[in-house]
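Colleague: Just the structure for this:
(chains A and B, ligands or ions: 2)
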Amino acid sequence: MSVSLEAPAVGLDSLTQIASALPPTPLRAAGLEAFRRSGIPTTRHEEWKYTSLRELAETSFVAASATDVAQLDLDAWLIADGPRIVLVDGQIAPEWCRLGIPGLDVRFGDRLTPTDRERIGSVAAIDATPFSALNAACHAEAVMIELARGAVIEPAIEILHVTIAGAEAVAAFPRLFILAHSEAEATIVETYATIGEGVTFTCAVTEGTVAANAHVEHVKVQRESEQALHIALTEIRQEGDSSLNTFSVTYGGKLTRNDLNIFLNGSNLHCRMDGVVVQNGGQVCDNHTRLDHAFPHCDSFEVYKHVLDDQAMAVFNGKIFVHLDAQKTDAKQTNQAILLSPSATMNSKPQLEIFADDVKCTHGATVGQLRSDALFYLRSRGIDETQARAILVYAFAAEVLEKIECEPVRNELERLLYEKLQA
Amino acid sequence: MLQIKQLHAGVEDKPILKGIDLTVRSGEVHAIMGPNGSGKSTLANVLAGRDGYDITSGQVLFDGEELLELDPEERAHQGLFMAFQYPVEIPGVSNSYFLRAAVNAKRQARGESEMDALEFMTFIKEKIKLLHLEGDLLTRSVNEGFSGGEKKRNEIFQMAVLEPRLCVLDETDSGLDIDALKTVADGVNALRSPERGFLVITHYQRLLNYIVPDFVHILMDGRIVKSGGKELAHELEAKGYGWIEEELAAGARG
Ligand SMILES: Nc1ncnc2c1ncn2[C@@H]1O[C@H](COP(=O)(O)OP(=O)(O)O)[C@@H](O)[C@H]1O
Ligand SMILES: [Mg+2]
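Modeller: Residues are numbered from 1 along each chain as shown, chains lettered A, B, ... in the order given. Ligands and ions are numbered 1, 2, ... in the order given. Next up, the predicted model:
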């Protein structure tokens, strides 16, 4: 008999302790139970094959709880001059929020209604992933963001999540529910950021529903520090005749894992799932997306682009399920990577499962270097090699950002892309 | 300004250029004609500095400087320009951004100040008019979705903007209808000047009705086998490349 090497329990223990220290609620209790069952997955787990959570398992975390929230300098992370919801260490920071905008209601704490409480956890199942369970177990309070029927909110609803790093490794568990009623129109930007130096762990859940004829753009921006571990689940249910464009932009983080699940729960829907991943050094980014086409006549487009330098590693796993009733589905998935260094790695796995027979579904994946003909073309016009490469890399990624409708958000993400590529 | 001396080049083990000698002086227009596969594009690419060719022997001097030792961008800074036979599509990079980067790279290399966006726009709008191009050319991605004719006109437009001293045109006429051909020729003729040299590579004589060369060279199997004035192009048009081959064979026998 060989001795089996058990995964260290430090991380797991510290996380369950954070949960146990909170006042019990049914949601927390269910979360804790589910998390105890799953534990922290290892790379033997199919969904975690390429992304090792060793650091998470080996680190002892304490619950992040900021003091002096009012003293923070958040300007660097804010984009537009509209409604604003700021969460510090996973908890809403009312002094930083800019609310009171007609058509937008933000509820948390005592203001959560019984219906709100029923909604929370109804779209993203508590045990959807080990970390949605952990979030349910450890979240301090959920925030409900409600867009009234017909509300058109401009320029964008900004949600800023900051985690304050320090001497101890801290963990934060933000939890949001976005409720977009029919005919509502808005861009929602969720930015994740770190202040200070030290190990942080953000375990986030955002769930939401997009009602009939609503038009929502959801942009998630990962700008956390290079010591940040980040695992997030975003799960959205889309109703008939609505449209939803999602963008997941990852520049920061040490390890980022995004699960993005969208359920197309009606007909005549349009859905976009786009992603830009720019990573260098030893950064790791793992995107798992899942799209369920459950009804006829829906379109979905998914484009994920990766630019990987140094030893960066990225994973793209894109599942598309076309259910039996989802005739006339038009689903297109593409994922592309440019590797700027021989030690950068891209692992991609498209997974299309199609049960309807009258559908159009395509997927394609490319991994490569910059096109040498394009590089020569630029150089032959006098642009030096370094700049020519930079132009081509920028253009490759910016092609995705160009699809963002909200201009200030698009411009800021393009600026950050440029900055990241200079690094 | 350009002196090519006994240039031999090829790919891997295949020799393509087998001893080219050619001198272009300022103000001259030289046409290089030759059948497909004779090495015309190889010559243009070697001059512009494309990777992948082995230069086995010979020398190229540009204003007395060793051209072959320079990077492609340095050749451009020195005033060399090649209009590509197959212009490259670059999605996501707008023509105006691309051209401003090119213009400023050249200015910077020469110690001149960079043009700001406004100066550049004024400068470029004039060039657009000169070539009868659509204004939206500037906002479109470089060559993306362009028709064959648009791509070739874009090459000439870039040439007009970059104001090179030596212009190498690689089959800029191929695939053009007569109107597009005239536009391209007008663009080239507008740039003719005593300070500028041209190497016009073509398969057909047709373009040379509009861009009248001072010299015509016939390239076959990697060698310049015959040189003459503009009448050589007409002769070639009338008699075909077979005529040269026969003449060469006769020469070899005699
Ligand atoms: N990169 C390359 N690899 C292999 N063969 C090549 C390459 N470039 C050119 N050749 C060959 O060299 C010859 C000359 O080509 P090219 O210079 O393109 O001729 P032209 O432009 O006159 O048609 C042809 O036989 C062509 O197939
Ligand atoms: Mg050719």
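
Colleague: which non-adjacent residue is nearest A:Pro130?
Modeller: In this structure, A:Pro130 finds its nearest non-sequential neighbour in A:Ser38, 3.8 Å apart by Cβ to Cβ, 6 or more residues apart in numbering or on different chains. C-beta coordinates here come from the backbone N, C-alpha and C atoms, glycine included.

Colleague: Could you check how far that neighbour is from A:Leu308?
Modeller: Distance of A:Ser38 to A:Leu308, given as Cβ to Cβ, to the nearest Å: 29 Å.

Colleague: Flag every residue of the stretch 1-150 of chain B that's near chain A.
Modeller: Applying Cβ under 8 Å from any Cβ of the partner chain, we find that the stretch 1-150 of chain B lies next to chain A at B:48-51, B:71-73, B:75-77, B:81-82, B:84, B:87-93, B:97-99, B:101-102, B:105-106, B:109, B:141-142.

Colleague: The residue nearest to A:Pro130 contacts A:Asp127, correct?
Modeller: Yes - taking contacts as Cβ atoms under 8 Å, A:Ser38 lies within contact range of A:Asp127: 7.4 Å.

Colleague: what helix or strand is the residue of chain A found nearest ligand 2 on?
Modeller: Nearest residue of chain A to ligand 2 (Cβ to the ion) works out as A:Asp373 at 14.6 Å. According to DSSP states H and E, A:Asp373 maps onto helix A:372-380.

Colleague: what comes up buried for that helix?
Modeller: Within helix A:372-380, the residues that count as buried by 16 or more other Cβ atoms under 10 Å in any protein chain shown are A:Ala374, A:Leu375, A:Phe376, A:Tyr377, A:Leu378, A:Arg379, A:Ser380.

Colleague: Contacts only, for the residue of chain B found nearest ligand 2.
Modeller: Residue of chain B nearest ligand 2, by Cβ to the ion: B:Ser41 (3.2 Å). Applying Cβ atoms under 8 Å, 6 or more residues apart in numbering or on different chains to B:Ser41 gives the contacts B:Gln85, B:Asp170, B:Glu171, B:Ile201.

Colleague: where does it fall, phi/psi-wise?
Modeller: Per-residue torsions, B:Ser41: phi -70, psi -30 (degrees, to the nearest 10).

Colleague: Please list the residues of chain B that sit near ligand 2.
Modeller: Within chain B, the positions near ligand 2 by Cβ under 5 Å from the ion are B:Lys40, B:Ser41, B:Gln85.

Colleague: and those residues near ligand 1, which?
Modeller: Subset of those in contact with ligand 1: B:Lys40, B:Ser41, counting by Cβ under 6 Å from any ligand atom.

Colleague: sorry, back to before: tell me how far the residue of chain B closest to ligand 2 lies from B:Phe157.
Modeller: On the measure of Cβ to Cβ, B:Ser41 and B:Phe157 end up 21 Å apart.

Colleague: With A:His181 instead?
Modeller: Remark: distance between A:His181 and B:Phe157 (Cβ to Cβ) = 51 Å.

Colleague: which stretches of the stretch 101-250 of chain A form helices?
Modeller: Along the stretch 101-250 of chain A, the segments classed as helices by DSSP state H, counting those that start in this stretch run A:114-119, A:130-138.

Colleague: where in the chain is pLDDT low?
Modeller: Looking at chain A here, since you left the chain open. Low-confidence segments of chain A, defined by pLDDT under 70: A:1-8.

Colleague: sorry, should have said chain B
Modeller: Residue ranges of chain B with pLDDT under 70: B:252, B:254.

Colleague: can you give me the strands for it?
Modeller: Secondary structure of chain B, counting by DSSP state E: strands at B:2-11, B:14-24, B:29-33, B:54-62, B:65-66, B:80-83, B:90-94, B:141-142, B:166-170, B:197-202, B:215-220, B:223-228.

Colleague: Whichever residue of chain A sits closest to chain B: how many residues sit nearby?
Modeller: Here chain A gets closest to chain B at one residue, A:Ala395, 3.0 Å apart by Cβ to the nearest Cβ. As a burial measure, A:Ala395 scores 20 neighbours (other Cβ atoms under 10 Å in any protein chain shown).

Colleague: And the helix or strand hosting it, what's buried?
Modeller: Per DSSP H and E: A:Ala395 is located in helix A:385-401. With burial defined by 16+ other Cβ under 10 Å, the residues of helix A:385-401 counted as buried are A:387-401.

Colleague: and that helix, what does it pack onto?
Modeller: Applying 3 or more Cβ pairs under 8 Å, 6 or more residues apart in numbering or on different chains; DSSP states H and E, we find helix A:385-401 packed against strand A:243-250, strand A:270-279, strand A:299-308, strand A:330-339, helix A:372-380, helix A:407-422, strand B:90-94, helix B:95-109.

Colleague: so who does the closest residue to B:Tyr210 other than its chain neighbours touch?
Modeller: Distance criterion Cβ to Cβ, 6+ apart; nearest residue to B:Tyr210, sequence neighbours excluded, is B:Ala185 at 3.3 Å. If a contact means Cβ under 8 Å, 6+ apart, then B:Ala185 has B:Leu207, B:Tyr210, B:Ile211 as its contacts.

Colleague: Just among those residues, which is most surrounded?
Modeller: Ranking these using other Cβ under 10 Å puts B:Leu207 first, with 25 neighbours.

Colleague: That one against B:Leu181, yeah?
Modeller: Yes - between B:Leu207 and B:Leu181 there is a contact at 6.6 Å, judged by Cβ under 8 Å.

Colleague: quick one: common contacting residues for these two?
Modeller: B:Asp173.
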